[in-house]
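Chemist: the following block contains a protein sequence and its predicted model.
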Amino acid sequence: AQSVTQLGSHVSVSEGALVLLRCNYSSSVPPYLFWYVQYPNQGLQLLLKYTSAATLVKGINGFEAEFKKSETSFHLTKPSAHMSDAAEYFCAVSDYTSDNDMRFGAGTRLTVKP
Amino acid sequence: KAGVTQTPRYLIKTRGQQVTLSCSPISGHRSVSWYQQTPGQGLQFLFEYFSETQRNKGNFPGRFSGRQFSNSRSEMNVSTLELGDSALYLCASSARTGTYSYEQYFGPGTRLTVT
């Protein structure tokens, strides 16, 4: 069964600094990978998704992620952090053998310091 | 297009009671999934319904059940509530965007507190 591991439950960056949130996946078939963001007291919002079309995926709010099969990674990056980026971020994996069987990582809480 | 809506947003129940949560998916979406989110266990998959049929089920006791109606709206029910059932319950709907790809759209959740 597929799974994801998010390295670092908390990440703190200064405003304007690079954001790097790490995600490694495990899957027996080529996976579909997703990054979601959750703001306090809200549901999850899709940031971006990888479905094998291109290894570098651009999402909303300036975020992007690169699929690296050799490293089984799908790290999320943003060149310059903004205060509004403070939230919890979830990496998720799915395979296409079971529609909607999505597995989430434990989440990484991003703090942005002024 | 309206997003996923969940009602109620907040709920307080007493141990032993039962509760029903409702989810209305995005128009045209036929798949609805339910998740439980707690600080200790994170996001856990409860079950998924597609065209009124349960298609996938997570590892939760039988006290947790759900159903889907012909208009794709879904309800989940928790009977004999326990303190540990206190959580944010999230509903997500999805539609195929290609042969295999899909994405899920989440509602704001229902915050259930069991006292």
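Modeler: Happy to help now that I have it. Computed from a predicted structure; not experimentally measured.

Chemist: pretty sure residue B:19 contacts residue B:77?
Modeler: Yes: using Cβ atoms under 8 Å, residue B:19 is in contact with residue B:77, at 7.1 Å. For the C-beta atoms, the positions are set from N, CA and C on the backbone; glycine is no exception.

Chemist: from chain B, how far out is the spatially most central residue of chain A?
Modeler: Most central residue of chain A, judged by C-alpha distance to the mean C-alpha position with Cα atoms, centre = their mean, is residue A:35 at 3.4 Å. Going from residue A:35 to chain B by Cβ to the nearest Cβ, to the nearest Å gives 11 Å.

Chemist: please identify the helix or strand for the closest residue to residue A:104 other than its chain neighbours.
Modeler: Distances taken as Cβ to Cβ, 6 or more residues apart in numbering or on different chains put residue B:43 closest to residue A:104, at 4.2 Å, once the chain neighbours are dropped. Assessed by DSSP states H and E, residue B:43 sits inside strand B:42-50.

Chemist: could you give the mean pLDDT of that strand?
Modeler: Averaged across strand B:42-50, pLDDT comes to 90.

Chemist: same check on stretch B:53-73?
Modeler: 93.

Chemist: coming back round to it: residue B:19 and residue B:77: which is more packed in?
Modeler: residue B:19 (18 against 13; other Cβ atoms under 10 Å in any protein chain shown).

Chemist: pairing partners for the more buried one in the sheet, please.
Modeler: residue B:78 (DSSP bridges).

Chemist: that one: what's it in contact with?
Modeler: Applying Cβ atoms under 8 Å, 6 or more residues apart in numbering or on different chains, one finds that residue B:19 lies in contact with B:11, B:13, B:77, B:78, B:81, B:112.

Chemist: now list the buried members of these.
Modeler: Among the contacts of residue B:19, those buried by neighbour count (16 or more other Cβ atoms under 10 Å in any protein chain shown) are B:13, B:78, B:81, B:112.
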